[in-house]
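Undergrad: Coordinates for the following, if possible.
(one chain, ligands or ions: 1)
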Amino acid sequence: MAQPFYITTPIYYVNDIPHIGHAYTTLACDTLARYKRLAGDDVYFLTGTDEHGQKVEKAAEQKGLAPQDFVDQVSQSFRDLIPAINATPDDFIRTTEIRHKQAVQHLWDELVKQGAIYLGEYSGWYAVRDEAFYGEGELVNGKAPTGADVEWVTESSYFFRLSAFQDRLLELYHQNPGFIAPQSRRNEVMRFVEGGLHDLSISRTSFKWGVTVPNDPKHVVYVWLDALTNYITALEYPDQGGNFGKYWPHAIHVVGKDILRFHAVYWPAFLMAANLPLPKQIFAHGWWTNEGEKISKSLGNTIDPIELVQTFGADAVRYFLLREVSFGQDGDFSRQQLINRYNSDLANAYGNLVQRVLSFIHKSCDGVVPKPQDLQESDQDLLNACMITTQLETDMEALAFHKYADHAWQIIAHANRYMDEQKPWGLKTTDVPRMHTILYALADTIRQIALLTQPLLPVASAAILDQLAIPLDQRKLVGNPLKPGTPLPEPKGVFPRYVP
Ligand code: MSP
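TA: Have a look, this model is predicted:
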């Protein structure tokens, strides 16, 4: 039976339009979702928008729009990003949907029933930009540690007994070393929890834009409790059978490092308090800077992912973002570096290999897959180099997209080297059977590479597989070898060199 797999992006705040950071998380999840589907798993991939809270309310006010009209508009721009970057989520959730409000209120009632919530008064610092509370000791020069402005808040508030979960959380991290990844982030979270936890304010009364607290309509639910619940709303919580029963134990949340605490501390504590099972893993990725500078709206240096895909194509953007830095580390975005990688890895290494081999076959083998004779050691070496599915599985399981690409590109380099050494063009008049063998080995290697690059480069991989006349049912991670004599369509270049 197919193994269920559930992968989620954070839901994006709709206070502003999408930028490269949002595209990055979605692309990483999409690559893994595509890989798992190709591996035969039963995948549920969720993304969406986080539409409540003070930050969004303020943004709507600044635009002179009613919050609902404003969030409808901005949420749409996040939805539009999906086809542009070739992402394939199975669901797009909005926190303003009825299904979600009902799930949040149900979870709230459960927490009340379990005695995890009490009414009190909150006095402290709040940063609207982060939608987070900060203790006096956490402030740096009068600002949040993230640099966000803080304001003093005193209001009646419901609290969640987070302090009661310190031991259970630490036990969870110890017993499941992979629960938080990468390791360095896990250590940070553990230090934080070991330092002691305060109860968490989980309702606000000073604004209205949120899910109403059941039986106390003066309060709206704290936007993070609201937002985190999206992951189970989409699986039809409170119904715990069906999709929830099937997918929830296999959930992986991919998040940026800035929001790890909410996912790795608060979220499991809420779930424990409500007697719900926990997700399998929280993976925190790093942040992109732009040409060495922090990306921020005030610096005016945000990167528009739509412009990038219009200029370079979705495959190139996907490849660059996932290949340039190891997933989990911070990275620096440079347009020149994107162009360099495009030209060297995609146009020169991959595109040229495909073009050289397929146009050769087209011209010298009557446009059909040539028939191989006896394989020599070098031919076998090349074909063996493609047998790396176990390695690639390890890479993907670790969300090591850069390693996955690196391993795939080692085969491409091998194939290019092999072609240069074997010089099939020199055999046209002297040894046609040997030439056919070499071209067969190359074409079948390209087939295998294209199968493996599907999660990263969906468009180009499909184009290459089309040119090799591979039927759709033979496009899993591993398929059947090419059949000699199969007619091939006329080859077309897949990665034209980028010339600015
Ligand atoms: N709404 C919350 C998430 C709630 S999830 C239950 C939120 N939204 S966000 O729109 O501000 O950020 C969404 C994601 O984008 C985060 O994972 C964040 O790390 C990521 N990025 C935002 N800027 C980024 C970079 N410059 N680089 C990489 N990712 C970044 O937080």
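Undergrad: Now do the buried residues in the helix or strand containing E61.
TA: For E61, the element it lies in under DSSP states H and E is helix 54-62. Buried residues in helix 54-62, counted by 16 or more other C-beta atoms under 10 Å: 54-60. From N, CA and C alone the C-beta is placed, and that goes for glycine too.
Undergrad: can you put those in a markdown table and add distance to the ligand and pLDDT?
TA: Formatted as a markdown table, these follow (distance: C-beta to the nearest ligand atom, whole Å; pLDDT from 0 to 100):
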| residue | distance to the ligand | pLDDT |
| --- | --- | --- |
| Q54 | 13 | 93 |
| K55 | 9 | 91 |
| V56 | 9 | 93 |
| E57 | 14 | 94 |
| K58 | 14 | 93 |
| A59 | 12 | 93 |
| A60 | 16 | 95 |
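Undergrad: Tabulate these (CSV), appending distance to R34.
TA: As requested, the buried residues of helix 54-62 are exported to CSV (distance: C-beta to C-beta, whole Å):
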residue, distance to R34
Q54, 36
K55, 32
V56, 31
E57, 36
K58, 37
A59, 33
A60, 35
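Undergrad: Give me the neighbour count for whichever residue of the stretch 101-250 of the chain sits closest to the ligand.
TA: Nearest residue of the stretch 101-250 of the chain to the ligand: A227, at 3.8 Å (C-beta to the nearest ligand atom). A227: 26 surrounding residues under other C-beta atoms under 10 Å.
Undergrad: pretty sure it belongs to a helix, no?
TA: Yes: according to DSSP: H, G, I helix; E, B strand; the rest coil, A227 belongs to a helix.
Undergrad: Could you list every helix and strand in contact with the helix holding E61?
TA: Under the contact criterion of 3 or more C-beta pairs under 8 Å, 6 or more residues apart in numbering; DSSP states H and E, helix 54-62 touches helix 67-84.
Undergrad: Is the very next helix or strand once past the helix it packs on in proximity to the ligand?
TA: Where DSSP H and E defines the elements, the next helix or strand beyond helix 67-84 is strand 91-94. No: using C-beta under 6 Å from any ligand atom, strand 91-94 never reaches the ligand; the gap is at least 10.0 Å.
Undergrad: quick check, the helix or strand just after strand 91-94 touching the ligand?
TA: As assigned by DSSP H and E, the chain's next helix or strand after strand 91-94 is helix 98-113. No: residues of helix 98-113 are not located near the ligand by C-beta under 6 Å from any ligand atom, the shortest gap being 11.4 Å.
Undergrad: Can you give me the buried ones in helix 98-113?
TA: Neighbour counts over helix 98-113 (16+ other C-beta under 10 Å) mark 100-101, 103-111 as buried.
Undergrad: Show me what from the stretch 151-300 of the chain comes close to the ligand.
TA: Within the stretch 151-300 of the chain, the residues that sit near the ligand (C-beta under 6 Å from any ligand atom) are 227-228, 230, 255-256, 258-259, 287-288, 295.
Undergrad: With only the CA atoms kept, save stretch 330-343 in PDB.
TA: The C-alpha trace of stretch 330-343 is given here as PDB (Å, rounded to 0.1, in the frame of the first residue of the first chain):
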ATOM      1  CA  ASP A 330      21.300  30.900   5.000                       C
ATOM      2  CA  GLY A 331      22.000  31.900   1.400                       C
ATOM      3  CA  ASP A 332      22.800  35.000  -0.600                       C
ATOM      4  CA  PHE A 333      20.800  35.700  -3.700                       C
ATOM      5  CA  SER A 334      22.800  37.100  -6.600                       C
ATOM      6  CA  ARG A 335      21.300  37.500 -10.000                       C
ATOM      7  CA  GLN A 336      24.700  37.000 -11.600                       C
ATOM      8  CA  GLN A 337      25.200  33.800  -9.700                       C
ATOM      9  CA  LEU A 338      21.800  32.600 -10.900                       C
ATOM     10  CA  ILE A 339      22.900  33.300 -14.500                       C
ATOM     11  CA  ASN A 340      26.200  31.600 -13.900                       C
ATOM     12  CA  ARG A 341      24.500  28.500 -12.600                       C
ATOM     13  CA  TYR A 342      21.900  28.500 -15.300                       C
ATOM     14  CA  ASN A 343      24.600  28.700 -18.000                       C
END
